[in-house]
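Colleague: can't give you the sequence, but here's the structure:
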(Lines give C-alpha, C1' and ligand atoms only; values in the text may rest on other atoms or scores of the structure.)
Protein backbone atom coordinates (compact mmCIF):
# COMPACT_ATOMS: atom_id res chain seq x y z
CA UNK A 1 0.00 0.00 0.00
CA UNK A 2 1.10 3.54 -0.65
CA UNK A 3 2.14 5.50 2.42
CA UNK A 4 0.84 8.74 0.95
CA UNK A 5 -2.37 7.10 -0.23
CA UNK A 6 -3.19 5.87 3.29
CA UNK A 7 -3.28 9.40 4.74
CA UNK A 8 -6.78 10.87 5.03
CA UNK A 9 -7.52 14.18 3.31
CA UNK A 10 -8.99 16.57 5.88
CA UNK A 11 -11.80 18.77 4.63
CA UNK A 12 -11.75 22.36 5.98
CA UNK A 13 -14.95 24.28 6.73
CA UNK A 14 -16.75 25.45 3.63
CA UNK A 15 -15.41 22.62 1.46
CA UNK A 16 -17.79 19.87 0.32
CA UNK A 17 -16.97 16.71 -1.61
CA UNK A 18 -19.45 14.95 -3.85
CA UNK A 19 -18.52 11.44 -5.04
CA UNK A 20 -20.45 10.06 -8.00
CA UNK A 21 -19.00 6.65 -8.81
CA UNK A 22 -15.45 7.33 -10.02
CA UNK A 23 -15.89 11.11 -10.26
CA UNK A 24 -14.88 13.35 -7.33
CA UNK A 25 -16.25 16.92 -7.26
CA UNK A 26 -14.79 19.35 -4.71
CA UNK A 27 -16.63 22.63 -4.05
CA UNK A 28 -15.33 25.45 -1.91
CA UNK A 29 -15.41 29.21 -1.42
CA UNK A 30 -13.04 29.84 -4.37
CA UNK A 31 -14.71 27.55 -6.90
CA UNK A 32 -15.23 23.97 -8.01
CA UNK A 33 -12.86 21.30 -9.34
CA UNK A 34 -13.52 17.74 -10.46
CA UNK A 35 -11.52 14.68 -11.47
CA UNK A 36 -12.09 11.04 -12.33
CA UNK A 37 -10.29 8.44 -10.22
CA UNK A 38 -7.93 6.38 -12.41
CA UNK A 39 -7.89 2.60 -12.63
CA UNK A 40 -9.45 0.70 -9.75
CA UNK A 41 -8.97 3.49 -7.20
CA UNK A 42 -12.03 4.65 -5.26
CA UNK A 43 -12.73 7.48 -2.80
CA UNK A 44 -15.11 7.77 0.14
CA UNK A 45 -15.92 10.34 2.84
CA UNK A 46 -15.90 9.51 6.55
CA UNK A 47 -16.34 11.95 9.48
CA UNK A 48 -15.23 15.09 7.64
CA UNK A 49 -12.27 13.39 5.95
CA UNK A 50 -11.83 11.81 2.56
CA UNK A 51 -10.16 8.38 2.21
CA UNK A 52 -8.71 6.96 -0.99
CA UNK A 53 -8.57 3.18 -1.28
CA UNK A 54 -7.25 0.62 -3.73
CA UNK A 55 -8.38 -3.02 -4.06
CA UNK A 56 -5.01 -4.79 -4.12
CA UNK A 57 -1.29 -4.22 -3.65
CA UNK A 58 -0.16 -4.38 -7.27
CA UNK A 59 2.57 -2.00 -8.42
CA UNK A 60 0.24 0.02 -10.67
CA UNK A 61 -2.45 0.40 -7.99
CA UNK A 62 0.12 1.49 -5.38
CA UNK A 63 1.35 4.26 -7.68
CA UNK A 64 -2.16 5.40 -8.60
CA UNK A 65 -3.21 5.28 -4.93
CA UNK A 66 -0.70 7.92 -3.84
CA UNK A 67 -1.19 9.97 -6.99
CA UNK A 68 -4.97 10.12 -6.59
CA UNK A 69 -4.71 11.12 -2.94
CA UNK A 70 -2.25 13.93 -3.81
CA UNK A 71 -4.43 15.21 -6.64
CA UNK A 72 -7.54 15.27 -4.44
CA UNK A 73 -5.60 17.02 -1.65
CA UNK A 74 -4.44 19.67 -4.16
CA UNK A 75 -8.05 20.16 -5.24
CA UNK A 76 -9.16 20.67 -1.60
CA UNK A 77 -6.34 23.17 -0.95
CA UNK A 78 -7.09 24.96 -4.23
CA UNK A 79 -10.80 25.55 -3.60
CA UNK A 80 -10.19 26.62 0.02
CA UNK A 81 -6.95 28.67 -0.14
CA UNK A 82 -5.89 28.83 -3.79
CA UNK A 83 -2.42 28.63 -5.31
CA UNK A 84 0.03 31.36 -6.23
CA UNK A 85 3.13 31.37 -8.43
CA UNK A 86 5.50 34.34 -8.76
CA UNK A 87 7.83 34.96 -11.71
CA UNK A 88 10.63 37.54 -11.80
CA UNK A 89 11.89 39.30 -14.93
CA UNK A 90 15.60 40.19 -14.95
CA UNK A 91 17.16 42.32 -17.68
CA UNK A 92 17.47 45.91 -18.82
CA UNK A 93 14.26 46.92 -20.62
CA UNK A 94 12.52 43.62 -19.82
CA UNK A 95 9.02 44.18 -18.45
CA UNK A 96 5.50 42.80 -18.34
CA UNK A 97 2.12 44.50 -18.56
CA UNK A 98 -1.42 43.18 -18.21
CA UNK A 99 -3.86 44.27 -20.91
CA UNK A 100 -7.52 43.44 -20.50
CA UNK A 101 -8.47 40.44 -18.42
CA UNK A 102 -6.36 37.72 -19.93
CA UNK A 103 -3.52 39.14 -22.02
CA UNK A 104 0.01 39.54 -20.75
CA UNK A 105 2.27 41.72 -22.93
CA UNK A 106 5.98 41.08 -22.39
CA UNK A 107 8.99 43.09 -23.60
CA UNK A 108 11.81 40.53 -23.53
CA UNK A 109 14.51 41.99 -25.76
CA UNK A 110 12.98 40.79 -29.01
CA UNK A 111 12.17 43.19 -31.86
CA UNK A 112 8.49 42.89 -31.01
CA UNK A 113 6.37 42.66 -27.84
CA UNK A 114 5.28 39.12 -26.96
CA UNK A 115 1.58 38.66 -26.21
CA UNK A 116 0.64 35.73 -23.97
CA UNK A 117 -3.03 34.72 -23.55
CA UNK A 118 -3.70 33.58 -19.99
CA UNK A 119 -6.33 30.81 -19.77
CA UNK A 120 -9.59 31.21 -17.87
CA UNK A 121 -9.39 30.41 -14.17
CA UNK A 122 -6.07 32.20 -13.65
CA UNK A 123 -5.66 35.82 -12.61
CA UNK A 124 -2.44 37.58 -13.50
CA UNK A 125 -0.98 40.76 -11.95
CA UNK A 126 2.23 42.73 -12.26
CA UNK A 127 3.89 45.03 -9.73
CA UNK A 128 4.54 48.76 -10.24
CA UNK A 129 8.05 48.17 -11.61
CA UNK A 130 6.60 45.65 -14.10
CA UNK A 131 9.31 43.10 -13.24
CA UNK A 132 7.24 40.65 -11.19
CA UNK A 133 4.36 38.52 -12.51
CA UNK A 134 1.97 36.93 -10.01
CA UNK A 135 -0.31 34.08 -11.12
CA UNK A 136 -3.21 33.01 -8.88
CA UNK A 137 -5.89 30.35 -9.25
CA UNK A 138 -7.39 27.18 -7.84
CA UNK A 139 -5.90 24.56 -10.18
CA UNK A 140 -2.29 23.78 -9.19
CA UNK A 141 -1.46 21.93 -12.40
CA UNK A 142 -2.78 24.74 -14.62
CA UNK A 143 -0.86 27.43 -12.71
CA UNK A 144 2.37 25.44 -12.94
CA UNK A 145 1.91 24.86 -16.68
CA UNK A 146 1.14 28.54 -17.40
CA UNK A 147 4.16 29.62 -15.33
CA UNK A 148 6.38 27.20 -17.26
CA UNK A 149 5.02 28.47 -20.59
CA UNK A 150 5.71 32.11 -19.61
CA UNK A 151 9.22 31.19 -18.41
CA UNK A 152 9.95 29.41 -21.71
CA UNK A 153 9.40 32.67 -23.64
CA UNK A 154 12.82 33.83 -22.39
CA UNK A 155 14.60 31.32 -20.13
CA UNK A 156 17.40 32.68 -17.92
CA UNK A 157 20.65 33.17 -19.82
CA UNK A 158 23.48 31.06 -18.31
CA UNK A 159 26.06 33.84 -18.80
CA UNK A 160 24.30 37.04 -17.68
CA UNK A 161 21.22 35.67 -15.92
CA UNK A 162 18.78 37.73 -18.00
CA UNK A 163 15.32 36.29 -18.61
CA UNK A 164 12.24 35.08 -16.73
CA UNK A 165 12.74 32.97 -13.61
CA UNK A 166 10.64 31.65 -10.76
CA UNK A 167 10.82 33.70 -7.55
CA UNK A 168 13.60 32.31 -5.39
CA UNK A 169 15.15 30.28 -8.23
CA UNK A 170 18.93 30.46 -8.22
CA UNK A 171 20.72 30.50 -11.56
CA UNK A 172 24.33 29.32 -11.57
CA UNK A 173 26.17 31.54 -14.01
CA UNK A 174 28.90 30.18 -16.29
CA UNK A 175 32.27 31.86 -16.57
CA UNK A 176 32.77 33.71 -19.83
CA UNK A 177 35.69 33.39 -22.20
CA UNK A 178 39.12 34.21 -20.85
CA UNK A 179 41.62 36.30 -22.78
CA UNK A 180 44.60 34.79 -24.68
CA UNK A 181 47.75 34.30 -22.66
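Modeller: Structure received. These figures come from a predicted structure and were not determined experimentally.

Colleague: quick one, domains of this structure?
Modeller: Using automatic domain parsing, the domains assigned to the chain come out as 3-80, 83-166.

Colleague: now the ones you listed as TSV including mean pLDDT?
Modeller: Shown next, in TSV, are those (pLDDT from 0 to 100):
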stretch	mean pLDDT
domain 3-80	91
domain 83-166	94
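
Colleague: will you turn those domains into CSV that also has mean neighbour count and distance to residue 174?
Modeller: From N, CA and C alone the C-beta is placed, and that goes for glycine too. As requested, the domains of the chain are arranged in CSV below (neighbours: other Cβ atoms under 10 Å; distance: least, Cβ to Cβ, whole Å):
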stretch, mean neighbour count, distance to residue 174
domain 3-80, 16, 36
domain 83-166, 15, 5
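
Colleague: JSON lines for those domains, including distance to residue 172?
Modeller: Output for the domains of the chain, formatted as JSON lines (distance: least, Cβ to Cβ, whole Å):
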{"stretch": "domain 3-80", "distance to residue 172": "30"}
{"stretch": "domain 83-166", "distance to residue 172": "8"}
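
Colleague: Figure out which of those domains is closest to residue 173.
Modeller: In terms of Cβ to Cβ, the element of those nearest to residue 173 is domain 83-166, at 5.7 Å.

Colleague: what's near enough to touch the closest residue to residue 89 other than its chain neighbours?
Modeller: Spatial nearest neighbour of residue 89, chain neighbours left out: residue 131 (4.7 Å); criterion: Cβ to Cβ, 6 or more residues apart in numbering. Neighbouring residues of residue 131 by Cβ atoms under 8 Å, 6 or more residues apart in numbering: 88, 89, 90, 94, 95, 96.

Colleague: The closest residue in space to residue 34 that isn't next to it in sequence bridge partners, please.
Modeller: Excluding its sequence neighbours, the residue lying closest to residue 34 (Cβ to Cβ, 6+ apart) is residue 25, at 4.4 Å. Beta-bridge partners for residue 25, by DSSP bridges, are residue 18, residue 34.

Colleague: what about residue 25, distance to residue 77?
Modeller: For residue 25, the distance to residue 77 equals 16 Å [Cβ to Cβ, to the nearest Å].
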